[in-house]
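Q: with the sequence up front, the predicted model follows.
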Amino acid sequence: MIVMSIWCSSLSLSSRSLAIAVVVCLTLVYFSYSFNACILASISRSLQQSNLRNLLALTSSPRNETSDAGSSSSRSSRSSNSNSNSSSSTTSAPPVQTVTSSLDGAPKYQLLRQQGLRPSRHLPDTLIIGVKKSGTRALLEFIRLHPDVRAAGSEVHFFDRHYQRGLRWYRHHMPYTIEGQITMEKTPSYFVTKEVPQRVYHMNPATKLLIVVRDPVTRAISDYTQAASKKADMKRFEQLAFVNGSYAVVDTNWGPVKIGVYARFLERWLLYFPLSQLLFISGERLIMDPAYEIGRVQDFLGLKRVVTEKHFYFNATKGFPCLFKSEARSTPHCLGKTKGRNHPHIDPGAIERLREFYRPFNNKFYQLTGINFAWP
Ligand code: A3P
């Protein structure tokens, strides 16, 4: 272009010839510019495609990690189920797997934006509604290993505490997702709060509901252990679980006992949602065989089975399955200290009495769900 300009300016021509020369120059400049722009665009496109492929390969590879602590119909381009899962977690210390690139949200979304995939916030497609102290955090941490699942970081408590703030507020608390990703939220108190089933139904009657359940006696002890960890002068479990100091009458008004009458709460949910929209996850099996339970969850959500036994290892010191890596951490880790606590010793007589108390309610729950959890 510069050469052309020099050439043009160096010629001494009549004004007519000069005009023709200028037109010729401009035409040449225009074609040269278009040609270069074309080449640059094509180079940039092929670079982006190869980056996206790398990114997809990364996000679908096993990840290592943990932590503690309008109507959204299914936006699916989700694939159907494939692999079957088999054995449970392994028992040895984890080999450290190397991660070659950051799985951090920001660069990933920058790249996706470049691809024309605009991340946006949606109301949840799926809720983990309970049950408190049954393994709800483990379930969330395990299922969010899936690249097509994005979850709110903390319990939002929209349907029980913040309902008056409206769906716009709720949606603002959801993570960014792209086409085909599921939005998930976990608030375990939803299961036992009276108004919640109707409210969830009004948000979206197609919402999928995940419920982790555990033997209600150990659940009550776990609940008590958590409360006692926050209050130094807490009475003994046996004093709180029964009325008048004997084991004759169970105190059904005491939260840790009341929550374990699962059938009672489930009946309310079944007034609004068909059983087919609910998935019950065994809290005991989530510990014994996390891959099996997560396989069921992936099937239920119409996701490809990406999270498998390869993601878990059994940490003998903690006595629980832990993760090789996750979205947040690339090294092996377990759930935090508040998950998997040591329980205090409880008088076996009190435990036996509670088992007797729960038995008819458990049977009713088995009948409603069609699953025999075989709690003692
Ligand atoms: P404990 O701390 O009483 O053992 P939630 O997340 O709903 O509060 O449930 C906590 C319970 O999750 C824990 O109760 C623990 O038994 C159970 N759990 C299931 N899988 C776990 C895991 N991989 N690590 C730690 N705790 C797990």
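A: Now that the structure is in, tell me what you want to look at. Computed from a prediction, not measured in an experiment: that's the story for all the values here.

Q: how about the contacts made by residue 282?
A: Contacts for residue 282 (CB atoms under 8 Å, 6 or more residues apart in numbering) come out as 212, 213, 214, 293, 373. Placement of C-beta: from N, CA and C, glycine included.

Q: from the ligand, how far off is it?
A: Noted for residue 282: a distance of 10 Å to the ligand, by CB to the nearest ligand atom, to the nearest Å.

Q: what's across from that residue in the sheet?
A: residue 213 (DSSP bridges).

Q: below-threshold pLDDT in the protein: ranges please.
A: Counting by pLDDT under 70, the chain has low-confidence residues at 1-116.

Q: please redo it, this time with the cut-off set to 50
A: For the chain, the stretches with pLDDT under 50 are 1-13, 25, 35, 38-105.

Q: are any of the contacts of residue 282 buried, and if so which?
A: When these are checked for burial by 16 or more other CB atoms under 10 Å, the buried set is 212, 213, 214, 293, 373.

Q: among those residues, which one sits closest to residue 262?
A: residue 213 (6.0 Å; CB to CB).

Q: touching, that closest one and residue 263? I think so.
A: No. Counting by CB atoms under 8 Å, residue 213 sits too far from residue 263 to count as a contact (10.7 Å).

Q: still on that earlier bit, please tabulate the contacts of residue 282 in TSV, including the columns distance to the ligand.
A: Shown next, in TSV, are the contacts of residue 282 (distance: CB to the nearest ligand atom, whole Å):
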residue	distance to the ligand
212	7
213	10
214	7
293	10
373	15
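
Q: out of the residues you listed, flag the one nearest to residue 341.
A: residue 214 (13.9 Å).

Q: once you drop chain neighbours, what's closest to residue 169?
A: residue 162 (6.8 Å; CB to CB, 6 or more residues apart in numbering).

Q: report the closest residue of the stretch 151-300 of the chain relative to the ligand.
A: Nearest to the ligand in the stretch 151-300 of the chain, going by CB to the nearest ligand atom, is residue 222, at a distance of 3.1 Å.

Q: burial check on that residue, number of neighbours?
A: A count of neighbours around residue 222, defined by other CB atoms under 10 Å, yields 22.

Q: contacts only, for it.
A: Here residue 222 is in contact with 133, 214, 341, 343 (CB under 8 Å, 6+ apart).

Q: can you tell me the helix or strand for residue 314?
A: strand 312-315 (DSSP states H and E).

Q: pull out the buried residues from that strand.
A: In strand 312-315, the ones that count as buried by 16+ other CB under 10 Å are 312, 313, 314, 315.

Q: follow-up on the earlier one: greatest separation within the contacts of residue 222: which pair is it?
A: Every pair of these checked by CB to CB; the farthest is 214 and 341, at 13.9 Å.

Q: now render the buried ones among the contacts of residue 282 as JSON lines, adding distance to residue 349.
A: Formatted as JSON lines, the buried ones among the contacts of residue 282 follow (distance: CB to CB, whole Å):
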{"residue": "212", "distance to residue 349": "29"}
{"residue": "213", "distance to residue 349": "25"}
{"residue": "214", "distance to residue 349": "22"}
{"residue": "293", "distance to residue 349": "33"}
{"residue": "373", "distance to residue 349": "24"}
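
Q: quick one: the helices in the stretch 251-376 of the chain?
A: In the stretch 251-376 of the chain, the helices defined using DSSP state H, counting those that start in this stretch lie at 255-258, 262-270, 283-288, 290-300, 348-369.

Q: deepest-packed of those, please.
A: Across those, averaging neighbours per residue (mean count of other CB atoms under 10 Å) puts helix 290-300 on top, at a mean of 22.

Q: how near is residue 147 to residue 246?
A: 55 Å (CB to CB, to the nearest Å).

Q: ugh, typo on my part, it should be residue 132
A: In terms of CB to CB, residue 132 sits 28 Å off from residue 246.

Q: more neighbours: which of these two?
A: Comparing residue 132 with residue 246 by other CB under 10 Å, the one with more neighbours is residue 132, at 20 against 8.

Q: can you give me the neighbour number for residue 206?
A: Residue 206: 13 neighbours (other CB under 10 Å).

Q: name the SS class of it, please.
A: With DSSP: H, G, I helix; E, B strand; the rest coil as the basis, residue 206 sits in coil.

Q: looking at it, it is touching residue 277, isn't it?
A: Yes. Using CB under 8 Å, residue 206 is in contact with residue 277, at 7.4 Å.

Q: contacts only, for the nearest residue to residue 126 once chain neighbours are set aside.
A: In this structure, residue 126 finds its nearest non-sequential neighbour in residue 208, 4.4 Å apart by CB to CB, 6+ apart. Counting by CB under 8 Å, 6+ apart, residue 208 touches 125, 126, 127, 277, 279, 300, 301.

Q: and the second one, how far is that from residue 200?
A: Read it as residue 126. Residue 126 is 11 Å from residue 200, by CB to CB.

Q: and for those two, which residues touch both?
A: Counting by CB under 8 Å, 6+ apart, the residues touching both residue 126 and residue 200 are 207, 209.

Q: counting neighbours, go ahead and name the busier of those two.
A: Legend: neighbour count by other CB under 10 Å for residue 126 and residue 200, higher for residue 126 (24 against 21).

Q: next up, the contacts around that one.
A: For residue 126, the contact set (CB under 8 Å, 6+ apart) comprises 182, 183, 184, 185, 207, 208, 209, 210, 301.

Q: the strand holding residue 314 - contacts with which helices or strands?
A: Here strand 312-315 touches strand 320-323, going by 3 or more CB pairs under 8 Å, 6 or more residues apart in numbering; DSSP states H and E.
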